[in-house]
Each structure stands twice: as structure tokens, then as C-alpha cells.
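A.B. asks: Here is the input, now give the coordinates:
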Amino acid sequence: MAKANTGPKLVLYGPDDRHGATAKRGFKQYVYFVRWYEAGAKRERSTGTGDVREAQQALADFINEQRRAAAAEPACRGPAPADRLTVTDMLGLYLEHHAPHAADPARIGYAIRNLVPWWDGAPVSGITAGACRRYAAESGRAPATVRRELGTLAAAMNWCVTEGYLDRGGVVVLPPVPKDEQRFLTRSEAAKLLWSAWRRRWRWKDGHGGLHTNMHLPMFILIGLYHGARKEAILGLQWQPNTEGGYVDLERGFIDFSPIGRAQTKKRRARVPIAPRLLPWLKVARHTTRQYVVECDGKPVGDVKVGFAATAKAAGLTGVHPHTLRHTCVTWLLRDGLDAWQVGGFVGMSPQTVQQVYGHHAPEFLKGAANASRGRDAGMKTGMRSNAPPSKKSVTA
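C.D. replies: Residues are numbered from 1 along each chain as shown. I've put the predicted structure just below:
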């Protein structure tokens, strides 16, 4: 993740790690460098000496130089021209001022970490369609990952324009949406996964001699299969309304995956009725957990990635990860005959995304168009006059 701005400090490089130095290939002597972070990117400048006193003097001179440059700048500056603000500085502003208040700061940080090395030194005016295509080709990452990263670039640019840091933005072009089919589980594969998770559960004794069964992984899988929520939304579910995660209301029979006060983002979180087949399991979990719906040894579960991977391997399944449960839920709902609006509203996904990514799983809705009469029977059913010539019988009559 790109780091926030920090003050300058001295670091020692050398041919080995003696004297507290960092070993650098090609170095034949010890040299102090001034290191600082600017707009999320690491900067370094050599002092040209290995003497600590001389290096400290060089650091002091550098700090004074920065202060003089800052004092020479106007107190009130308007939006920077696109050819004067670098992409790195733009991303640093976005990371420092917007990301901490976003729904998923870590996701923004990961994207900026990948964006900074490639765009380092380029002005915002250099963000063009051609540059975006070169970035996609040279990054070596999957198209879906590149789309997320360039989406972050576009969001940072639009935010800087809105906040008055930038007068205008460049042009961000995203690669096309991958057409690869999303991996989903068949019902027999889901049964194998659940059985594998159930066999991996373990029992523990509390301080009062009670024996409890830890079933956090089966519970996670069941909620994922029946409601298609994201991993973070499932792990954040509690039994009471809260500001950190969603909650389950067994009395009124619904699940609200959105925390109280959470701003709605593209990663929608739905409030939906509890799936009937999931309800008995939630009632069991209510008697075995304390605060969270998915708990391990009475504590909230931070992540299920490792346990889920081991469970899938034990079940003989490949290419399966926690997000596969979401793909599975959407696919099953479409194959059961629900339309994109119903499915999107239930799992917290836009109907456009449902149709674009998963629509090939439910081609049945096109049968009506294939079998349509194409207007031949419309006039007869509505009493409208047909354009067909009158029959001989009707003329003689």
C-alpha cells in the first residue's frame, strides 16, 4: 500500500548489513541517503557521504530547503492544471484524505500500490486512452484486477476535480469486462463442501464443563449459498443492530447485511427475508454463539480463507474460494427462474451486473422472444384492424 507522507530521515546503505546498514547490490562503501514519502511514493536522495555528522548536516540542509520552498508557494492556490499535478500526487491526496472514510480503504490502498510504480512521474494530463491500454498490457495482471485499479485511478481523478485540487482530469478507459464464466458449485459439489466443513468442526469445553460444537465454517458456507453475501458481510453479521456490521432478526425473519449508518456504495448490501432452509441453522447458531453469527471459540472470525481452502481441498474441489459461494447463489437463483431484478435485489447486486455476468445461466427468459408471434396475433387479441387484405368470404358477405 502507498504510504502516507512522512518527514525525511537518514537511512544507511552499504555492501552488507554491518553498522545497521541495508545491504544493496553494487554498493562498495557505506552511504547515507535522505528518505521521505511524498504523496504516497517513496523518495530518496544521496548525501554522498558515510560520515554520520556530515549526513546529519545534509539532512538539515534538505529540511531547510523544503521549508523555503513551501514558504515561497502562494497561501491560496486554485485547482492545479492537469499538466502540473502528477498522477502520484493525485493518488496520494486521494489515499490520504478520502480512503480513510471509504467503505473499503484497504482495497483502495492495494490498487494505489499497483498504480504508483507505473504512473510515477507522469502528469494527470498523461492519463489517456492509449496510456490506459498500455498499462493494462504491461501490468501483467488479470483484466478484472486491471479494471479495479483503473477504476480507482478514475475515482481519484474525479475526487480531486470535485474537491478543487485539479482543474480537469484525463481520460480513463477500462478494459472490457472478462467474458469468462464464473466458477460456481453444482448442488452435489455444495453438498460435498458442506460435509467436508462439518467433518472439520471441533468441540471445546467451556469453564463450566459445557461441551460446545464449533461450526463457524459450515455456518459461513450456508449463509453464502443461500444469500450470496460477500465474505466481509457474512463475517460481520451480529445478533443485534450495530454500526460495525449487519445483523440477523430471527423474530421478524430478515437479515440486514448493512451496518447502521453505512453509506451505500457500489458494493451493495441487501436487507432481505431469511431463506427458509437457512432459518433452522440460524436458530441453532443463536444458541451456540454470543455476539456474532459466525464465531470460533466464542470470538469473531477474522477470515476464513485458510480454513475454506483446506475444506475445499478435502472435498476434492478445485478453483473454489469464499466468493464462489456468491457466484453459486446467483447462478442457482437464475436457474430457478428468477429475473435479474429479483436476483439483484436479493444478493445486493445491480440488475445490469446480474445480466452481464450471469445472464448466460438463464437463457430461458429469451424463449418468449423466440416464440413471439411478432405482431400477427396482436390485432386479433386487441380488436385492432389488421393490415391483411380481406378474405373473399368477407367481401361477398
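A.B. asks: which residue packs closest to residue 244, ignoring adjacent ones?
C.D. replies: Once flanking residues are discounted, residue 244 sits nearest to residue 259: 5.7 Å by C-beta to C-beta, 6 or more residues apart in numbering. From N, CA and C alone the C-beta is placed, and that goes for glycine too.
A.B. asks: Which residues are in contact with residue 20?
C.D. replies: For residue 20, the contacting residues are residue 12, by C-beta atoms under 8 Å, 6 or more residues apart in numbering.
A.B. asks: repeat for residue 154
C.D. replies: So residue 154 contacts 169, 172, 174 (C-beta under 8 Å, 6+ apart).
A.B. asks: what about the closest residue to the second one other than its chain neighbours, is that helix, strand or coil?
C.D. replies: Spelled out, that is residue 172. Sequence neighbours aside, residue 154 is the residue nearest to residue 172 in space, at 3.9 Å (criterion: C-beta to C-beta, 6+ apart). Look at residue 154: counting by DSSP: H, G, I helix; E, B strand; the rest coil, its state is helix.
A.B. asks: Now do the strands in this protein.
C.D. replies: 6-14, 22-23, 31-38, 41-46, 202-205, 211-214, 247-249, 254-256, 271-273, 295-296, 299-300 (DSSP state E).
A.B. asks: Can you convert the ones you listed into CSV and add a column each for mean neighbour count, distance to residue 135 and mean pLDDT?
C.D. replies: Putting the strands of the chain into CSV (neighbours: other C-beta atoms under 10 Å; distance: least, C-beta to C-beta, whole Å; pLDDT from 0 to 100) gives the following:
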stretch, mean neighbour count, distance to residue 135, mean pLDDT
strand 6-14, 15, 27, 83
strand 22-23, 12, 30, 88
strand 31-38, 18, 22, 83
strand 41-46, 14, 17, 80
strand 202-205, 10, 47, 49
strand 211-214, 13, 45, 52
strand 247-249, 19, 41, 94
strand 254-256, 19, 39, 93
strand 271-273, 14, 38, 89
strand 295-296, 19, 41, 86
strand 299-300, 16, 38, 86
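A.B. asks: and of the ones you listed, who's closest to residue 52?
C.D. replies: strand 31-38 (7.2 Å; C-beta to C-beta).
A.B. asks: Show residues contacting that closest one.
C.D. replies: 3-14, 42-50, 52, 55, 58-59, 62, 88-89, 92.
A.B. asks: go on, stretch 129-145?
C.D. replies: Residues contacting stretch 129-145 (C-beta under 8 Å, 6+ apart): 114, 118-119, 122, 146, 149-150, 171-178.
A.B. asks: From the residues you listed, pick the one nearest residue 222.
C.D. replies: Closest to residue 222 out of the contacts of stretch 129-145 is residue 178 (28.8 Å), distances taken as C-beta to C-beta.
A.B. asks: Just the pLDDT at that closest one, thanks.
C.D. replies: You'll see residue 178 listed with a pLDDT of 62.
A.B. asks: ok, now which ones touch the residue nearest the centre of the chain?
C.D. replies: By C-alpha atoms, centre = their mean, the chain has its centre lying nearest to residue 107, at 5.8 Å. Applying C-beta under 8 Å, 6+ apart, we find residue 107 in contact with residue 148.
A.B. asks: what residue ranges in this structure score low on pLDDT?
C.D. replies: 1-6, 38-41, 70-78, 103, 177-181, 201-214, 261-268, 360-397 (pLDDT under 70).
A.B. asks: Can you show me the helices along the stretch 1-150 of the chain?
C.D. replies: For the stretch 1-150 of the chain, applying DSSP state H, counting those that start in this stretch gives helices covering 52-72, 87-93, 105-119, 129-139, 143-163.
A.B. asks: Quick check: the gap between the closest residue to residue 97 other than its chain neighbours and residue 94.
C.D. replies: In this structure, residue 97 finds its nearest non-sequential neighbour in residue 163, 7.6 Å apart by C-beta to C-beta, 6+ apart. Remark: distance between residue 163 and residue 94 (C-beta to C-beta, to the nearest Å) = 9 Å.
A.B. asks: Grab the nearest non-local neighbour of residue 13.
C.D. replies: residue 24 (4.5 Å).
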